[in-house]
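Engineer: From the sequence below, what's the structure:
(one chain, ligands or ions: 2)
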Amino acid sequence: MTFLHAKTALLPEGWAEDVALRIEAGRIVEVSTGVKAAGAVDCLLPAVANLHSHMFQRAMAGMTEYRSAGQDSFWTWRSLMYRFLDRLTPEDVEAIAGMVMVEMAEAGYASVAEFHYLHHGVNGVRYDDLAEMSARIASAAAETGLGLTHLPVLYERGGCDGRALSAGQLRFGNTPDQFAELWAAAQRALRGLPADTVLGVAPHSLRAASAAGIALAAGLDPATPVHIHVAEQVAEVDEVLAQMGARPVQWLLDNQDLSARWCLIHATQMQAFETEGMARAGAVAGLCPITEANLGDGIFDGARYLAAGGRFGVGSDSNVRISLSEELRLLEYSQRLGLRARAVLAREGQSVGRVLYQGAAEGGALAAGRASGAIRVGNWADLMALDCSGPDLAASSGDMILDSFIFASDDRVVSEVWSAGRHIVSGGRHAAREAVTARYAKTVARLRGAL
Ligand code: NGQ
Ligand code: ZN
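Structural biologist: Ligands and ions are numbered 1, 2, ... in the order given. Below you'll find the predicted structure:
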(Lines give C-alpha, C1' and ligand atoms only; values in the text may rest on other atoms or scores of the structure.)
(Ligands and ions follow the chains in the order given, each with its own letter.)
Protein backbone atom coordinates (compact mmCIF):
# COMPACT_ATOMS: atom_id res chain seq x y z
CA MET A 1 0.00 0.00 0.00
CA THR A 2 1.29 3.48 -0.87
CA PHE A 3 0.20 6.92 0.27
CA LEU A 4 0.73 9.90 -1.92
CA HIS A 5 0.21 13.55 -1.01
CA ALA A 6 -0.13 16.61 -3.20
CA LYS A 7 -0.42 20.32 -2.41
CA THR A 8 -2.82 20.66 -5.29
CA ALA A 9 -4.38 18.10 -7.61
CA LEU A 10 -6.75 17.98 -10.55
CA LEU A 11 -9.70 15.77 -9.56
CA PRO A 12 -12.69 14.95 -11.79
CA GLU A 13 -14.73 17.67 -10.03
CA GLY A 14 -11.93 20.25 -10.36
CA TRP A 15 -8.89 21.53 -8.49
CA ALA A 16 -8.46 20.47 -4.87
CA GLU A 17 -5.91 21.36 -2.17
CA ASP A 18 -3.95 19.05 0.14
CA VAL A 19 -4.95 15.82 -1.52
CA ALA A 20 -4.06 12.37 -0.23
CA LEU A 21 -4.30 9.18 -2.29
CA ARG A 22 -4.10 5.59 -1.17
CA ILE A 23 -2.86 3.17 -3.81
CA GLU A 24 -3.17 -0.60 -3.63
CA ALA A 25 -2.16 -3.16 -6.26
CA GLY A 26 -1.62 -0.33 -8.74
CA ARG A 27 -5.06 1.20 -8.29
CA ILE A 28 -6.34 4.30 -6.54
CA VAL A 29 -8.42 3.07 -3.61
CA GLU A 30 -9.01 6.29 -1.69
CA VAL A 31 -8.92 10.03 -2.43
CA SER A 32 -9.15 12.56 0.43
CA THR A 33 -8.74 16.32 0.52
CA GLY A 34 -7.64 18.73 3.22
CA VAL A 35 -4.76 16.47 4.34
CA LYS A 36 -1.53 18.42 4.79
CA ALA A 37 1.63 16.31 4.71
CA ALA A 38 5.39 16.82 4.52
CA GLY A 39 6.89 15.59 1.26
CA ALA A 40 3.76 16.37 -0.75
CA VAL A 41 4.32 16.85 -4.51
CA ASP A 42 3.44 20.31 -5.85
CA CYS A 43 0.78 19.51 -8.45
CA LEU A 44 -0.65 16.06 -9.10
CA LEU A 45 -2.40 15.28 -12.39
CA PRO A 46 -3.88 12.20 -14.00
CA ALA A 47 -1.10 11.02 -16.34
CA VAL A 48 -1.85 10.93 -20.04
CA ALA A 49 -1.71 7.84 -22.28
CA ASN A 50 0.23 8.37 -25.49
CA LEU A 51 -2.33 6.95 -27.90
CA HIS A 52 -0.27 6.47 -31.05
CA SER A 53 3.32 5.50 -31.69
CA HIS A 54 5.55 3.61 -34.12
CA MET A 55 8.56 3.31 -31.84
CA PHE A 56 11.12 2.16 -34.40
CA GLN A 57 10.76 5.48 -36.25
CA ARG A 58 12.44 7.25 -33.31
CA ALA A 59 15.80 6.01 -34.58
CA MET A 60 15.38 7.87 -37.89
CA ALA A 61 14.49 11.21 -36.27
CA GLY A 62 16.58 13.92 -37.91
CA MET A 63 17.46 11.71 -40.87
CA THR A 64 14.77 12.81 -43.32
CA GLU A 65 15.01 16.59 -43.21
CA TYR A 66 16.66 17.03 -46.60
CA ARG A 67 15.47 17.13 -50.21
CA SER A 68 15.10 13.60 -51.58
CA ALA A 69 12.74 14.33 -54.48
CA GLY A 70 11.63 17.35 -56.53
CA GLN A 71 8.98 18.13 -53.97
CA ASP A 72 9.23 16.12 -50.80
CA SER A 73 6.02 14.97 -49.16
CA PHE A 74 4.53 12.44 -46.82
CA TRP A 75 4.95 9.85 -49.59
CA THR A 76 8.66 10.54 -50.21
CA TRP A 77 9.20 10.40 -46.43
CA ARG A 78 7.40 7.05 -46.41
CA SER A 79 9.85 5.67 -49.00
CA LEU A 80 12.77 6.76 -46.82
CA MET A 81 11.10 5.20 -43.79
CA TYR A 82 10.66 1.86 -45.64
CA ARG A 83 14.34 1.92 -46.60
CA PHE A 84 15.33 2.62 -43.01
CA LEU A 85 13.30 -0.13 -41.41
CA ASP A 86 14.60 -2.75 -43.79
CA ARG A 87 17.72 -3.10 -41.66
CA LEU A 88 16.11 -3.35 -38.23
CA THR A 89 16.68 -6.52 -36.23
CA PRO A 90 14.64 -7.61 -33.20
CA GLU A 91 17.53 -6.47 -30.95
CA ASP A 92 17.40 -3.01 -32.58
CA VAL A 93 13.65 -2.81 -32.04
CA GLU A 94 14.04 -3.65 -28.36
CA ALA A 95 16.82 -1.08 -27.88
CA ILE A 96 14.82 1.65 -29.61
CA ALA A 97 11.62 0.76 -27.72
CA GLY A 98 13.44 1.06 -24.40
CA MET A 99 14.71 4.54 -25.26
CA VAL A 100 11.33 5.68 -26.52
CA MET A 101 9.58 4.44 -23.39
CA VAL A 102 12.06 6.23 -21.11
CA GLU A 103 11.54 9.46 -23.06
CA MET A 104 7.77 9.08 -23.00
CA ALA A 105 7.79 8.53 -19.25
CA GLU A 106 10.01 11.55 -18.67
CA ALA A 107 7.66 13.64 -20.83
CA GLY A 108 4.83 12.72 -18.44
CA TYR A 109 3.09 9.85 -20.25
CA ALA A 110 2.23 6.82 -18.10
CA SER A 111 1.43 4.48 -20.97
CA VAL A 112 1.62 4.08 -24.71
CA ALA A 113 -0.57 2.51 -27.37
CA GLU A 114 1.97 1.04 -29.78
CA PHE A 115 0.62 0.68 -33.33
CA HIS A 116 2.87 -2.21 -34.22
CA TYR A 117 3.31 -3.35 -37.82
CA LEU A 118 6.97 -4.33 -38.18
CA HIS A 119 6.17 -8.00 -37.68
CA HIS A 120 8.45 -10.04 -39.92
CA GLY A 121 12.08 -10.36 -40.96
CA VAL A 122 13.65 -8.98 -44.13
CA ASN A 123 11.61 -9.83 -47.26
CA GLY A 124 8.73 -10.88 -45.05
CA VAL A 125 10.41 -14.04 -43.75
CA ARG A 126 8.58 -15.16 -40.59
CA TYR A 127 10.45 -15.38 -37.31
CA ASP A 128 10.27 -18.74 -35.50
CA ASP A 129 8.03 -17.01 -33.00
CA LEU A 130 5.51 -15.11 -35.15
CA ALA A 131 5.32 -12.46 -32.42
CA GLU A 132 9.09 -12.06 -31.96
CA MET A 133 8.84 -8.30 -32.45
CA SER A 134 5.90 -8.03 -30.04
CA ALA A 135 7.99 -9.89 -27.47
CA ARG A 136 10.78 -7.32 -27.91
CA ILE A 137 8.39 -4.47 -27.23
CA ALA A 138 7.03 -6.36 -24.24
CA SER A 139 10.59 -6.70 -22.87
CA ALA A 140 11.11 -2.96 -23.15
CA ALA A 141 7.82 -2.39 -21.33
CA ALA A 142 8.91 -4.78 -18.57
CA GLU A 143 12.24 -2.97 -18.25
CA THR A 144 10.80 0.56 -18.18
CA GLY A 145 7.46 0.01 -16.42
CA LEU A 146 5.58 2.16 -18.93
CA GLY A 147 2.02 0.86 -19.35
CA LEU A 148 1.55 -0.90 -22.69
CA THR A 149 -1.46 -1.16 -24.96
CA HIS A 150 -0.09 -3.34 -27.71
CA LEU A 151 -1.84 -3.00 -31.06
CA PRO A 152 -0.71 -5.59 -33.61
CA VAL A 153 -1.47 -4.21 -37.05
CA LEU A 154 -3.29 -5.94 -39.88
CA TYR A 155 -1.60 -4.97 -43.15
CA GLU A 156 -2.88 -6.93 -46.14
CA ARG A 157 -2.18 -5.01 -49.33
CA GLY A 158 -0.37 -2.18 -51.06
CA GLY A 159 -3.46 -0.06 -51.68
CA CYS A 160 -7.22 0.16 -51.83
CA ASP A 161 -7.42 -1.48 -55.24
CA GLY A 162 -6.06 -4.69 -53.70
CA ARG A 163 -2.58 -4.39 -55.25
CA ALA A 164 0.18 -6.53 -53.79
CA LEU A 165 2.45 -5.27 -51.04
CA SER A 166 5.43 -3.31 -52.32
CA ALA A 167 8.92 -4.59 -51.51
CA GLY A 168 9.12 -2.09 -48.64
CA GLN A 169 5.92 -3.45 -47.09
CA LEU A 170 6.75 -7.17 -46.99
CA ARG A 171 7.73 -7.07 -43.33
CA PHE A 172 4.23 -5.86 -42.38
CA GLY A 173 2.10 -8.26 -44.42
CA ASN A 174 -0.44 -10.81 -43.24
CA THR A 175 -3.68 -12.23 -44.56
CA PRO A 176 -6.51 -11.92 -42.03
CA ASP A 177 -6.05 -15.60 -41.06
CA GLN A 178 -2.31 -15.23 -40.57
CA PHE A 179 -3.04 -12.11 -38.57
CA ALA A 180 -5.33 -13.99 -36.20
CA GLU A 181 -2.45 -16.41 -35.57
CA LEU A 182 -0.01 -13.56 -34.99
CA TRP A 183 -2.45 -11.86 -32.62
CA ALA A 184 -2.71 -15.03 -30.53
CA ALA A 185 1.10 -15.23 -30.43
CA ALA A 186 1.23 -11.57 -29.34
CA GLN A 187 -1.15 -12.44 -26.52
CA ARG A 188 1.37 -15.04 -25.32
CA ALA A 189 4.21 -12.54 -25.68
CA LEU A 190 2.48 -10.17 -23.24
CA ARG A 191 1.89 -12.80 -20.57
CA GLY A 192 4.68 -11.77 -18.20
CA LEU A 193 3.61 -8.12 -18.12
CA PRO A 194 1.61 -6.47 -15.31
CA ALA A 195 -2.18 -6.61 -15.11
CA ASP A 196 -2.72 -3.15 -16.64
CA THR A 197 -1.33 -4.37 -20.00
CA VAL A 198 -3.85 -4.33 -22.86
CA LEU A 199 -3.87 -6.15 -26.20
CA GLY A 200 -5.87 -4.32 -28.86
CA VAL A 201 -5.97 -4.45 -32.61
CA ALA A 202 -5.20 -2.10 -35.50
CA PRO A 203 -6.22 -2.49 -39.11
CA HIS A 204 -3.56 -0.17 -40.58
CA SER A 205 -5.76 1.99 -42.81
CA LEU A 206 -8.49 1.62 -45.42
CA ARG A 207 -5.63 1.50 -47.94
CA ALA A 208 -3.93 -1.50 -46.34
CA ALA A 209 -6.81 -3.47 -44.76
CA SER A 210 -9.89 -4.89 -46.48
CA ALA A 211 -13.42 -4.61 -45.14
CA ALA A 212 -13.37 -8.34 -44.36
CA GLY A 213 -10.00 -7.99 -42.63
CA ILE A 214 -11.25 -5.12 -40.49
CA ALA A 215 -14.29 -7.17 -39.46
CA LEU A 216 -12.11 -10.13 -38.49
CA ALA A 217 -9.62 -7.98 -36.56
CA ALA A 218 -12.32 -6.07 -34.69
CA GLY A 219 -13.99 -9.38 -33.78
CA LEU A 220 -10.92 -11.01 -32.20
CA ASP A 221 -11.85 -9.53 -28.82
CA PRO A 222 -14.91 -7.28 -28.82
CA ALA A 223 -13.81 -5.59 -25.59
CA THR A 224 -10.52 -4.31 -26.90
CA PRO A 225 -9.60 -0.99 -28.60
CA VAL A 226 -9.53 -0.74 -32.41
CA HIS A 227 -7.21 1.85 -33.95
CA ILE A 228 -6.94 2.81 -37.61
CA HIS A 229 -5.17 5.53 -39.63
CA VAL A 230 -7.94 7.48 -41.34
CA ALA A 231 -7.53 10.65 -43.34
CA GLU A 232 -4.05 12.09 -43.21
CA GLN A 233 -3.36 12.85 -46.86
CA VAL A 234 -5.43 14.16 -49.78
CA ALA A 235 -4.15 11.34 -52.01
CA GLU A 236 -5.42 8.67 -49.62
CA VAL A 237 -8.83 10.30 -49.32
CA ASP A 238 -9.04 10.38 -53.14
CA GLU A 239 -7.96 6.75 -53.39
CA VAL A 240 -10.54 5.56 -50.86
CA LEU A 241 -13.25 7.67 -52.48
CA ALA A 242 -12.49 6.27 -55.93
CA GLN A 243 -12.36 2.63 -54.81
CA MET A 244 -14.91 2.50 -52.01
CA GLY A 245 -17.33 5.25 -52.99
CA ALA A 246 -16.89 7.29 -49.82
CA ARG A 247 -14.28 9.32 -48.02
CA PRO A 248 -12.50 7.28 -45.29
CA VAL A 249 -14.28 8.62 -42.21
CA GLN A 250 -17.57 8.72 -44.10
CA TRP A 251 -17.05 5.05 -45.02
CA LEU A 252 -16.31 4.13 -41.42
CA LEU A 253 -19.38 6.03 -40.21
CA ASP A 254 -21.53 4.18 -42.74
CA ASN A 255 -20.01 0.71 -42.40
CA GLN A 256 -18.64 0.26 -38.90
CA ASP A 257 -20.23 0.53 -35.52
CA LEU A 258 -18.03 3.46 -34.45
CA SER A 259 -17.98 4.00 -30.68
CA ALA A 260 -15.55 4.85 -27.88
CA ARG A 261 -13.84 1.58 -28.74
CA TRP A 262 -12.51 3.15 -31.93
CA CYS A 263 -9.58 5.50 -32.23
CA LEU A 264 -9.23 7.25 -35.58
CA ILE A 265 -5.67 8.40 -36.13
CA HIS A 266 -4.76 11.52 -38.16
CA ALA A 267 -8.09 13.19 -38.85
CA THR A 268 -6.50 16.01 -40.83
CA GLN A 269 -8.28 15.70 -44.21
CA MET A 270 -11.92 15.82 -43.23
CA GLN A 271 -15.09 17.53 -44.31
CA ALA A 272 -17.33 19.18 -41.72
CA PHE A 273 -19.94 16.38 -41.80
CA GLU A 274 -17.22 13.80 -41.09
CA THR A 275 -15.77 15.80 -38.19
CA GLU A 276 -19.22 16.19 -36.68
CA GLY A 277 -20.23 12.58 -37.43
CA MET A 278 -17.09 11.29 -35.77
CA ALA A 279 -17.75 13.43 -32.68
CA ARG A 280 -21.34 12.17 -32.46
CA ALA A 281 -20.24 8.54 -32.84
CA GLY A 282 -18.08 8.90 -29.71
CA ALA A 283 -14.89 7.63 -31.36
CA VAL A 284 -11.61 9.10 -30.12
CA ALA A 285 -9.67 11.35 -32.51
CA GLY A 286 -6.02 10.31 -32.32
CA LEU A 287 -4.10 13.52 -32.94
CA CYS A 288 -0.35 13.67 -33.42
CA PRO A 289 0.33 17.38 -33.96
CA ILE A 290 4.15 17.20 -34.01
CA THR A 291 4.30 14.41 -36.57
CA GLU A 292 1.42 15.88 -38.57
CA ALA A 293 3.38 19.13 -38.82
CA ASN A 294 6.61 17.31 -39.62
CA LEU A 295 5.00 15.30 -42.42
CA GLY A 296 3.02 18.22 -43.85
CA ASP A 297 -0.31 16.49 -43.21
CA GLY A 298 -2.64 19.39 -42.50
CA ILE A 299 -4.65 20.78 -39.61
CA PHE A 300 -7.32 18.97 -37.61
CA ASP A 301 -10.57 20.94 -37.32
CA GLY A 302 -10.40 21.04 -33.53
CA ALA A 303 -12.82 23.91 -32.99
CA ARG A 304 -15.65 22.19 -34.86
CA TYR A 305 -14.89 18.82 -33.30
CA LEU A 306 -14.89 20.06 -29.72
CA ALA A 307 -18.00 22.15 -30.33
CA ALA A 308 -19.70 18.90 -31.37
CA GLY A 309 -18.56 17.21 -28.14
CA GLY A 310 -15.79 15.11 -29.74
CA ARG A 311 -13.27 13.11 -27.73
CA PHE A 312 -9.59 13.31 -28.49
CA GLY A 313 -6.16 12.28 -27.30
CA VAL A 314 -2.59 12.80 -28.45
CA GLY A 315 0.10 10.51 -29.74
CA SER A 316 3.70 10.90 -30.81
CA ASP A 317 3.40 8.76 -33.98
CA SER A 318 6.80 9.01 -35.73
CA ASN A 319 8.46 10.01 -32.45
CA VAL A 320 10.55 12.60 -34.29
CA ARG A 321 10.22 14.41 -30.97
CA ILE A 322 8.67 13.06 -27.79
CA SER A 323 7.04 15.82 -25.78
CA LEU A 324 3.58 15.85 -24.23
CA SER A 325 3.57 19.61 -23.59
CA GLU A 326 4.60 20.31 -27.17
CA GLU A 327 1.91 18.05 -28.67
CA LEU A 328 -0.73 19.93 -26.69
CA ARG A 329 0.75 23.37 -27.45
CA LEU A 330 0.94 22.65 -31.17
CA LEU A 331 -2.61 21.34 -31.19
CA GLU A 332 -3.85 24.74 -30.01
CA TYR A 333 -1.35 26.76 -32.06
CA SER A 334 -2.32 25.01 -35.29
CA GLN A 335 -5.92 26.10 -34.61
CA ARG A 336 -4.82 29.68 -33.97
CA LEU A 337 -2.75 29.87 -37.14
CA GLY A 338 -5.54 28.38 -39.22
CA LEU A 339 -8.33 30.54 -37.79
CA ARG A 340 -6.33 33.68 -36.93
CA ALA A 341 -7.82 33.63 -33.45
CA ARG A 342 -6.73 33.01 -29.86
CA ALA A 343 -7.78 30.61 -27.10
CA VAL A 344 -9.63 28.52 -29.69
CA LEU A 345 -10.04 25.33 -27.67
CA ALA A 346 -10.89 27.01 -24.36
CA ARG A 347 -14.44 26.77 -23.09
CA GLU A 348 -16.56 28.65 -20.58
CA GLY A 349 -14.84 28.33 -17.21
CA GLN A 350 -11.92 26.21 -18.48
CA SER A 351 -8.68 27.51 -19.96
CA VAL A 352 -7.04 26.12 -23.10
CA GLY A 353 -4.50 24.17 -21.05
CA ARG A 354 -7.24 22.61 -18.93
CA VAL A 355 -9.32 21.57 -21.94
CA LEU A 356 -6.25 20.16 -23.70
CA TYR A 357 -4.79 18.32 -20.73
CA GLN A 358 -7.98 16.90 -19.29
CA GLY A 359 -9.32 16.03 -22.73
CA ALA A 360 -6.12 14.22 -23.68
CA ALA A 361 -6.08 12.35 -20.35
CA GLU A 362 -9.66 11.14 -20.71
CA GLY A 363 -9.52 10.43 -24.45
CA GLY A 364 -6.10 8.80 -24.23
CA ALA A 365 -7.32 6.43 -21.52
CA LEU A 366 -10.31 5.39 -23.63
CA ALA A 367 -8.13 4.81 -26.68
CA ALA A 368 -5.64 2.80 -24.63
CA GLY A 369 -8.42 0.71 -23.11
CA ARG A 370 -7.07 1.70 -19.67
CA ALA A 371 -9.16 2.54 -16.60
CA SER A 372 -7.30 5.79 -16.12
CA GLY A 373 -7.32 9.43 -17.24
CA ALA A 374 -8.79 10.80 -14.00
CA ILE A 375 -7.77 10.68 -10.33
CA ARG A 376 -10.71 8.54 -9.30
CA VAL A 377 -11.15 5.54 -6.99
CA GLY A 378 -10.94 2.31 -8.99
CA ASN A 379 -8.70 3.69 -11.73
CA TRP A 380 -5.11 2.63 -12.25
CA ALA A 381 -2.76 5.00 -10.45
CA ASP A 382 -1.50 6.66 -13.66
CA LEU A 383 -0.24 9.90 -12.16
CA MET A 384 2.10 12.73 -13.02
CA ALA A 385 3.49 15.44 -10.75
CA LEU A 386 4.71 18.86 -11.83
CA ASP A 387 7.46 20.64 -9.95
CA CYS A 388 6.08 24.12 -9.42
CA SER A 389 9.21 25.62 -7.81
CA GLY A 390 10.56 27.19 -11.03
CA PRO A 391 9.73 30.69 -12.26
CA ASP A 392 6.95 29.71 -14.69
CA LEU A 393 4.81 27.70 -12.32
CA ALA A 394 5.58 29.10 -8.87
CA ALA A 395 3.07 31.92 -9.05
CA SER A 396 0.36 29.86 -10.79
CA SER A 397 -2.65 28.06 -9.44
CA GLY A 398 -5.57 26.12 -10.90
CA ASP A 399 -5.84 26.06 -14.70
CA MET A 400 -2.96 28.53 -14.96
CA ILE A 401 -0.59 25.75 -13.85
CA LEU A 402 -1.54 23.77 -16.94
CA ASP A 403 -1.35 26.83 -19.21
CA SER A 404 2.12 27.65 -17.85
CA PHE A 405 3.25 24.03 -18.28
CA ILE A 406 2.00 23.84 -21.88
CA PHE A 407 2.60 27.34 -23.23
CA ALA A 408 5.39 28.84 -21.11
CA SER A 409 7.43 25.83 -20.06
CA ASP A 410 8.01 22.27 -21.22
CA ASP A 411 8.54 18.70 -20.02
CA ARG A 412 11.42 19.75 -17.74
CA VAL A 413 8.86 20.51 -15.02
CA VAL A 414 7.58 16.92 -15.05
CA SER A 415 9.06 15.55 -11.85
CA GLU A 416 7.30 12.26 -11.01
CA VAL A 417 5.37 9.68 -13.00
CA TRP A 418 3.55 6.60 -11.78
CA SER A 419 2.16 4.01 -14.19
CA ALA A 420 -0.43 1.78 -12.52
CA GLY A 421 1.31 2.62 -9.25
CA ARG A 422 4.85 1.92 -10.56
CA HIS A 423 6.98 4.94 -9.71
CA ILE A 424 8.93 5.12 -13.01
CA VAL A 425 10.12 8.75 -13.05
CA SER A 426 11.58 10.40 -10.00
CA GLY A 427 13.08 13.89 -9.92
CA GLY A 428 12.47 14.10 -13.70
CA ARG A 429 14.55 11.00 -14.46
CA HIS A 430 13.65 7.47 -15.38
CA ALA A 431 15.59 4.96 -13.27
CA ALA A 432 16.71 2.96 -16.33
CA ARG A 433 17.77 6.02 -18.35
CA GLU A 434 21.50 5.35 -18.32
CA ALA A 435 21.47 1.68 -19.26
CA VAL A 436 18.80 2.24 -21.90
CA THR A 437 20.59 5.24 -23.42
CA ALA A 438 23.91 3.41 -23.69
CA ARG A 439 22.28 0.53 -25.55
CA TYR A 440 20.30 2.86 -27.79
CA ALA A 441 23.36 4.97 -28.66
CA LYS A 442 25.15 1.89 -30.03
CA THR A 443 22.12 0.85 -32.05
CA VAL A 444 21.46 4.24 -33.54
CA ALA A 445 25.12 4.84 -34.42
CA ARG A 446 25.01 1.72 -36.57
CA LEU A 447 21.69 2.68 -38.15
CA ARG A 448 22.68 6.23 -39.03
CA GLY A 449 24.29 4.99 -42.24
CA ALA A 450 20.99 3.51 -43.41
CA LEU A 451 19.51 6.29 -45.56
C1 NGQ B 1 2.96 4.46 -40.59
N2 NGQ B 1 2.70 6.85 -40.59
O3 NGQ B 1 2.29 3.44 -40.61
O4 NGQ B 1 4.04 4.54 -39.98
C5 NGQ B 1 2.46 5.65 -41.34
C6 NGQ B 1 3.12 5.73 -42.70
C7 NGQ B 1 1.39 4.77 -44.23
C8 NGQ B 1 1.86 7.87 -40.69
N9 NGQ B 1 0.75 7.66 -41.36
C10 NGQ B 1 2.75 4.63 -43.60
N11 NGQ B 1 2.12 9.01 -40.15
O12 NGQ B 1 0.53 5.48 -43.73
O13 NGQ B 1 1.18 4.10 -45.23
ZN1 ZN C 1 0.77 6.26 -37.42
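
Engineer: tally of neighbours for the residue of the chain found nearest ligand 1?
Structural biologist: When scored by Cβ to the nearest ligand atom, the chain has His54 as its residue closest to ligand 1, at 4.5 Å. Any C-beta I mention is one placed from the backbone N, CA and C, and that applies to glycine too. Neighbour count of His54, defined by other Cβ atoms under 10 Å: 21.

Engineer: Give me the pLDDT for it.
Structural biologist: Looking at His54, its pLDDT is 98.

Engineer: can you pull the contacts of the closest residue in space to it that isn't next to it in sequence?
Structural biologist: In this structure, His54 finds its nearest non-sequential neighbour in Phe115, 5.9 Å apart by Cβ to Cβ, 6 or more residues apart in numbering. Going by Cβ atoms under 8 Å, 6 or more residues apart in numbering, Phe115 touches 52-54, 151, 153, 202, 227, 265.

Engineer: Can you mark which positions in whichever helix or strand Ala215 is part of are buried?
Structural biologist: Using DSSP states H and E, Ala215 sits within helix 211-219. Buried residues in helix 211-219, counting neighbours by 16 or more other Cβ atoms under 10 Å, are found at 213-214, 216-218.

Engineer: Identify the residue nearest Pro289 in space, chain neighbours excluded?
Structural biologist: Leu330 (3.9 Å).

Engineer: Also Arg429?
Structural biologist: Per Cβ to Cβ, 6+ apart, closest to Arg429 is Glu106, 6.9 Å.

Engineer: In terms of secondary structure, what does the helix or strand harbouring that neighbour contact?
Structural biologist: For Glu106, the host element (DSSP H and E) is helix 90-107. Under the contact definition 3 or more Cβ pairs under 8 Å, 6 or more residues apart in numbering; DSSP states H and E, helix 90-107 sits against strand 48-53, strand 109-116, helix 132-144, strand 414-419, strand 422-426, strand 429-430, helix 433-447.

Engineer: quick one: pLDDT of Leu393?
Structural biologist: At Leu393, pLDDT is 95.

Engineer: residue contacts, it?
Structural biologist: Here Leu393 is in contact with 42-43, 386-387, 401, 404-405, 409, 413 (Cβ under 8 Å, 6+ apart).

Engineer: SS state for it?
Structural biologist: Recorded secondary structure, Leu393: coil (DSSP: H, G, I helix; E, B strand; the rest coil).

Engineer: burial measure for the spatially closest residue to Gln243 that is not a sequence neighbour, as a count.
Structural biologist: Computed as Cβ to Cβ, 6+ apart, the closest residue to Gln243 that is not its neighbour in sequence is Cys160, at 4.0 Å. Neighbours of Cys160 under the rule other Cβ under 10 Å: 21.

Engineer: now do the one 3 residues further on
Structural biologist: By the measure other Cβ under 10 Å, the count of residues near Arg163 is 10.

Engineer: do the same with Glu327
Structural biologist: The burial count for Glu327: 28, using other Cβ under 10 Å.

Engineer: Check which helices and strands the helix holding Ala215 is in contact with.
Structural biologist: strand 147-154, helix 176-189, strand 202-203, strand 226-231.

Engineer: Now do the longest one: everything it contacts.
Structural biologist: It stands for helix 176-189. 119, 129-131, 134-135, 138, 150, 152, 154, 156, 174, 199, 201, 210, 212-213, 216-217, 220.

Engineer: Mind giving me the PyMOL command for buried ones among those residues?
Structural biologist: Filtering the contacts of helix 176-189 down to the buried ones (16+ other Cβ under 10 Å) takes a single PyMOL command:
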select buried, resi 119+130+131+134+135+138+150+152+154+156+174+199+201+210+213+216+217+220
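
Engineer: Can you pull the poorly scored residue ranges out of the chain?
Structural biologist: 450 (pLDDT under 70).

Engineer: Apply 50 and report the result again.
Structural biologist: Confidence mapping of the chain against pLDDT under 50 gives zero matching residues.

Engineer: Kindly report the residues of it close to ligand 1.
Structural biologist: 54, 78, 205, 229, 232, 266, 291, 295, 317 (Cβ under 6 Å from any ligand atom).

Engineer: what sits against Asp403?
Structural biologist: Here Asp403 is in contact with 351-354, 396 (Cβ under 8 Å, 6+ apart).

Engineer: Mind doing that once more with 7 Å?
Structural biologist: By Cβ atoms under 7 Å, 6 or more residues apart in numbering, the contact set of Asp403 is 351-353.

Engineer: Between these, which sits nearest Ser334?
Structural biologist: Val352 (12.6 Å; Cβ to Cβ).

Engineer: what number of residues lie near the closest one?
Structural biologist: As a burial measure, Val352 scores 24 neighbours (other Cβ under 10 Å).

Engineer: How about Val125?
Structural biologist: Neighbour count for Val125, taken as other Cβ under 10 Å: 9.

Engineer: Just read off the phi/psi values of it.
Structural biologist: Backbone torsions of Val125, given as degrees, to the nearest 10, read phi -70, psi 130.

Engineer: how near is it to Ala374?
Structural biologist: The gap separating Val125 from Ala374 is 45 Å, by Cβ to Cβ, to the nearest Å.

Engineer: Figure out the length between the terminal residues of stretch 118-134.
Structural biologist: End-to-end distance of stretch 118-134 (Cα to Cα, to the nearest Å): 9 Å.

Engineer: Which of the contacts of Asp403 fall within helices?
Structural biologist: Under the assignment DSSP state H, these contribute 352-353 to helices.

Engineer: For the stretch 251-400 of the chain, just list every one of the helices.
Structural biologist: 272-281, 289-294, 302-307, 324-339, 352-368, 399-403 (DSSP state H, counting those that start in this stretch).

Engineer: Next, the buried residues of the third one.
Structural biologist: I take that to be helix 302-307. Buried residues in helix 302-307 (16+ other Cβ under 10 Å): 302, 305-306.

Engineer: One more: the second one?
Structural biologist: Within helix 289-294, the residues scored as buried using 16+ other Cβ under 10 Å are 289-292, 294.

Engineer: and if you look at the last one?
Structural biologist: The neighbour-count criterion (16+ other Cβ under 10 Å) identifies 399, 401-403 as the buried residues of helix 399-403.
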